[in-house]
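Chemist: heads up, no residue letters with this:
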């Protein structure tokens, strides 16, 4: 496979730079054949220092990515493709096994910064979540009405959080996270609520964030959400980046891939994936002096 290489100078203040980042884990396994195979391929010193009955799982193979201000990047792929792992690397929740991730400011990830307490009311959780993200009580009071409006909870905002459906809780997390005008916002499956009105409100809010010179990352199995809300889509499969480009084109290729898999046409699916990856431009990162490294 011949892959074109794009050399990119990032001195122009992008929001996020992923520079040849990869992620692997050591996990316990009961597959004796897999353990034996890895031990045969590992140096003597490596066999001494590694725990028995463990193997290396590569959640994300080496990839590079540059995201400019004003972009909304969708991340799609089958379960286990590395989507959430990439989001954790970008927000600094985990450190890459190799390579580096740089960000122009602290990324805000739904479900991480906006950690909510079930026994408290939605109202109390708004205050708690906003304070945890660095707002003053005066700022919380000023933004409370807009947070409730975006969440669509109305009178339910005063009920205990544990009485909420998963969709209601997701909407509240999004509303809290988006209230501080973050420069970098990461949304991991939080928009899959089945609520059309909330979908419209959240889209308008993310459009505002992009207009304010920020960027947004969205992981979702809803391809309609990805197509309507994103200006660019990254397709991951088994930890590899397959495509990075126009939303309609990337989603169409992914749908063709998964459609063939569903029909049992593994050879056709593999051909679609391999052809897409063959056209992917690998990015070489130059000049990161104005970026800060994301740290776990």
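Modeler: The structure has been received and is ready for your questions. On a predicted model such as this, the values are computed, not experimentally measured, just so you know. Numbering: from 1, shown residues only.
Chemist: all strands of this protein, in order?
Modeler: Under the criterion DSSP state E, the chain contains strands at 5-9, 16-28, 54-67, 72-76, 98-103, 108-109, 184-188, 215-219, 232-237, 240-245, 282-286, 292-293.
Chemist: partners of the third one, with directions?
Modeler: When pairing is defined by DSSP bridges, strand 54-67 lines up against strand 16-28 (antiparallel).
Chemist: if we can go back for a sec, in JSON lines, list the strands of the chain along with distance to residue 117.
Modeler: For glycine as for every other residue, the C-beta is placed from the backbone atoms N, C-alpha and C. Formatted as JSON lines, those follow (distance: least, Cβ to Cβ, whole Å):
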{"stretch": "strand 5-9", "distance to residue 117": "43"}
{"stretch": "strand 16-28", "distance to residue 117": "30"}
{"stretch": "strand 54-67", "distance to residue 117": "30"}
{"stretch": "strand 72-76", "distance to residue 117": "29"}
{"stretch": "strand 98-103", "distance to residue 117": "28"}
{"stretch": "strand 108-109", "distance to residue 117": "18"}
{"stretch": "strand 184-188", "distance to residue 117": "20"}
{"stretch": "strand 215-219", "distance to residue 117": "24"}
{"stretch": "strand 232-237", "distance to residue 117": "33"}
{"stretch": "strand 240-245", "distance to residue 117": "37"}
{"stretch": "strand 282-286", "distance to residue 117": "40"}
{"stretch": "strand 292-293", "distance to residue 117": "31"}
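Chemist: need these in a markdown table with mean neighbour count, can you?
Modeler: Supplementary listing: the strands of the chain in a markdown table, determined by neighbours: other Cβ atoms under 10 Å:
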| stretch | mean neighbour count |
| --- | --- |
| strand 5-9 | 11 |
| strand 16-28 | 18 |
| strand 54-67 | 18 |
| strand 72-76 | 26 |
| strand 98-103 | 19 |
| strand 108-109 | 24 |
| strand 184-188 | 25 |
| strand 215-219 | 25 |
| strand 232-237 | 23 |
| strand 240-245 | 21 |
| strand 282-286 | 16 |
| strand 292-293 | 13 |
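Chemist: least confident of the ones you listed, on average?
Modeler: Mean pLDDT values for these show the minimum at strand 5-9, a mean of 42.
Chemist: domains for this protein, by residue range?
Modeler: Domain assignment for the chain by automatic domain parsing gives 5-21+61-107+182-293, 112-181.
Chemist: so what's residue 243 bridging to?
Modeler: Going by DSSP bridges, residue 243 forms beta bridges with residue 235.
Chemist: state the distance from it to residue 215.
Modeler: To residue 215, residue 243 is 19 Å away according to Cβ to Cβ, to the nearest Å.
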